[in-house]
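# coords please:
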Amino acid sequence: MITICFADNSPVVHHGVKTYFAESKNCKIESFVKSFDELQKVLSKGKFNIVIIDVELTGLNSIMNVKSLIKSHPLVNFIIYTNVSDTLYAPPAIKSGVRAYLSKNIEMTELENAILKVHTGEIIFSEAVREAIEMLKKVKKEDRLYKKLSSREIEVLRYFNEGKKNKEVAKILSLDEKTISTYKLRLLQKLNVTNLVDLLNKSRELEIIS
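Sure, this is the predicted structure:
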């Protein structure tokens with residue numbers, strides 16, 4: 001039996017997943033958590049084969065947090081199950097070591113099948129993610145500047161795209177405001193633009209953000 005920890009903010013999602021997997025002969029949801037802090041505590045006490053996590057989980061501020069969990073729990077396979085933009089999160093998620101990146105639009109049977117495949121060593125990504133990655137690969141080489149962006153820089157870019165200011169981003173990521181300013185400068189340099197408006201427009205053109 002594959003043991004699973006499911007991390008998601010939504011009680012509705014918890015209920016749906018719990019109801020479906022109650023009948024599963026292969027998978028057992030051992031624990032449901034609603035925040036990143038809860039997830040860390042549960043992982044420190046229990047043993048799971050799989051962790052399914054939404055990147056919008058309360059308290060999860062960065063893909064770097066997921067990468068840290070993966071490093072701390074090398075025997076656990078992590079699956080991202082979310083509605084967050086594939087083009088924004090899939091590449092850094094893959095780089096961080098997650099074993100699957102799945103859209104919440106898929107059927108529960110697809111989720112279960114993905115869990116089974118990940119448990120046997122496969123890396124699974126939804127068709128939407130595959131298409132997004134292929135689309136990025138088709139961008140002209142000289143325009144593939146996004147490949148130079150770190151996971152943290154992409155995180156900062158995402159918050160800028162949401163309209164947040166340096167101070168707000170610093171608070172969310174628990175960083176100094178000067179550090180955010182440094183990330184902003186690096187982003188401007190790497191994407192060869194001179195202001196935030198052009199930075200966001202260029203990022204959308206390259207489909208780093210949507």
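
# How about the contacts made by V13?
Contact analysis of V13 by C-beta atoms under 8 Å, 6 or more residues apart in numbering lists D54, K104. (Each C-beta comes from the backbone N, C-alpha and C, glycine too.)

# show me where the chain has helices.
11-21, 36-45, 63-72, 86-96, 108-119, 127-137, 151-161, 166-172, 177-190, 196-205 (DSSP state H).

# Can you tell me which of these has the worst average pLDDT?
Mean pLDDT is lowest for helix 127-137 among those, at a mean of 67.

# Could you tell me how many residues sit around the residue nearest to R152 when sequence neighbours are not counted?
Leaving out its chain neighbours, the residue that sits closest to R152 by C-beta to C-beta, 6 or more residues apart in numbering is M64, at 6.0 Å. Other residues lying near M64 total 16 when counted by other C-beta atoms under 10 Å.

# got a list of what M64 touches?
Taking C-beta under 8 Å, 6+ apart as the test, what M64 contacts is S96, S151, R152, E155.

# wait, the first one sits on L69?
I take that to be S96. No. The criterion here is C-beta atoms under 8 Å, and S96 misses it with L69 at 9.3 Å.

# Would you quantify the distance from the nearest residue to V17 once chain neighbours are set aside to T194?
Distances taken as C-beta to C-beta, 6+ apart place F6 nearest to V17, at 5.8 Å, with adjacent residues excluded. According to C-beta to C-beta, to the nearest Å, F6 stands 44 Å off from T194.

# Who has more neighbours out of these two?
Under the criterion of other C-beta under 10 Å, the comparison of F6 against T194 puts F6 first, with 24 against 9.

# per-residue confidence for the more buried one?
F6 is assigned 97 on the pLDDT scale.

# swap in L145?
54.

# Flag every buried residue along stretch 95-110.
By neighbour count with 16 or more other C-beta atoms under 10 Å, stretch 95-110 contains the buried residues S96, V98, R99, A100, Y101, L102, S103.

# got the contact list for it?
Contacts of stretch 95-110 (C-beta under 8 Å, 6+ apart): 13, 16-17, 20, 54, 63-64, 66-67, 70-71, 77-83, 86, 89-90, 93-94, 111, 114, 117-118, 122-126, 128-129, 151.

# What subset of those residues is buried?
Burial by neighbour count, judged by 16+ other C-beta under 10 Å, picks out 17, 20, 54, 63-64, 66-67, 70, 77-82, 86, 89-90, 93-94, 111, 114, 118, 124-126, 128-129, 151 from the contacts of stretch 95-110.
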